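1. this one's structure only:
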Ligand SMILES: C[S@@+](CC[C@H](N)C(=O)[O-])C[C@H]1O[C@@H](n2cnc3c(N)ncnc32)[C@H](O)[C@@H]1O
């Protein structure tokens, strides 16, 4: 099993997934994810297993020999409130994720989510490459990583919408971390439930680029089978003839055909590649990102 743990050398400054147990390529480590947010290693455990102690001890030993890893945080997702613990070294005061030339705030000492989805990297790259001069609507924006990417790509205006005001506050700080005041002012933030906000969004339409990246299922807030079709019914009010739509789906139980059937009246421009490091024996279970046009 020791061969399956990542080597803690040559890690560099850019964030990435080092071990994606859920992808099924690492027998006995299916419940583990290891992410690199320089200089911190984040180990996520999804089950209580005997091997957990050994995994942590092995990583601490490797970190002691590493010049790059100065802290290891373990999050136990299977426990109530998914607590995080620093098991080695000390966390940086204000930890960030660096992706190429952009940085994003992280929460590594508390909260269930740490604020940055590594598997959305192809989405951020695509948005950045396609945002120049555009008005962007970023639905389910969370901490606004796609808005930061759109701003870096020269978007004229970005409207971020998420019902979690704290995530949006981090989104605003993510813009401030990367851009000057004038550039930051291109982004705005709406802390609303999408399904109660159609009027507001319609008044600001049409948008040149619309991003839809909902959770798979989240209590009564979003349930893919029930709520994605509702978005499709409202989409005609938000688009123009050239609007591009990045539609994402992170529900392991639904495959790409769920999206292509929903968007049957739209042209499919193609899927985005899957993120490196998230290789999965069941690729359909991973995050799906498709580009559509009217
Ligand atoms: C998968 S995350 C989005 C990740 C984000 N696009 C990124 O790349 O970092 C899903 C987000 O949807 C938000 N959400 C869930 N239901 C919602 C609803 N009905 N209206 C608005 N936001 C909602 C959650 O608060 C959460 O931040």
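-> Looks like it came in fine. Everything numeric in this text was worked out from a predicted model, so none of it was measured.

2. ranges for the helices of the stretch 151-294 of the chain?
-> Secondary structure of the stretch 151-294 of the chain (DSSP state H, counting those that start in this stretch): helices at 165-178, 181-184, 198-203, 224-234, 256-262.

3. Take the ones you listed and write them to a markdown table, including distance to residue 105, mean neighbour count and mean pLDDT.
-> Heads up, the C-betas are built off the backbone N, CA and C, glycines and all. Shown next, in a markdown table, are those (distance: least, C-beta to C-beta, whole Å; neighbours: other C-beta atoms under 10 Å; pLDDT from 0 to 100):
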| stretch | distance to residue 105 | mean neighbour count | mean pLDDT |
| --- | --- | --- | --- |
| helix 165-178 | 5 | 18 | 98 |
| helix 181-184 | 14 | 11 | 98 |
| helix 198-203 | 26 | 13 | 97 |
| helix 224-234 | 28 | 15 | 96 |
| helix 256-262 | 30 | 15 | 96 |
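
4. Stretch 186-194 near the ligand anywhere?
-> Yes. Stretch 186-194 reaches the ligand (C-beta under 6 Å from any ligand atom) through 193-194.

5. buried sites along that stretch?
-> 186-187, 189-190, 194 (16 or more other C-beta atoms under 10 Å).

6. Distance from that stretch to the middle of the chain?
-> The gap between where stretch 186-194 is centred and where its chain is centred comes out at 17 Å by C-alpha atoms, centre = their mean, to the nearest Å.

7. what mean pLDDT does that stretch have?
-> The average of the pLDDT scores along stretch 186-194 is 98.

8. repeat for stretch 266-285
-> The model assigns stretch 266-285 a mean pLDDT of 93.

9. number of nearby residues for the closest residue to residue 230 other than its chain neighbours?
-> Spatial nearest neighbour of residue 230, chain neighbours left out: residue 195 (6.6 Å); criterion: C-beta to C-beta, 6 or more residues apart in numbering. Close neighbours of residue 195, defined as other C-beta atoms under 10 Å, add up to 13.

10. returning to that earlier point: possible to save the helices of the stretch 151-294 of the chain as TSV with distance to residue 159?
-> TSV is the format used below for these (distance: least, C-beta to C-beta, whole Å):
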stretch	distance to residue 159
helix 165-178	11
helix 181-184	14
helix 198-203	8
helix 224-234	15
helix 256-262	22
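
11. Tell me which of the ones you listed lies nearest to the ligand.
-> The ligand lies closest to helix 165-178 among these, at 4.9 Å (C-beta to the nearest ligand atom).
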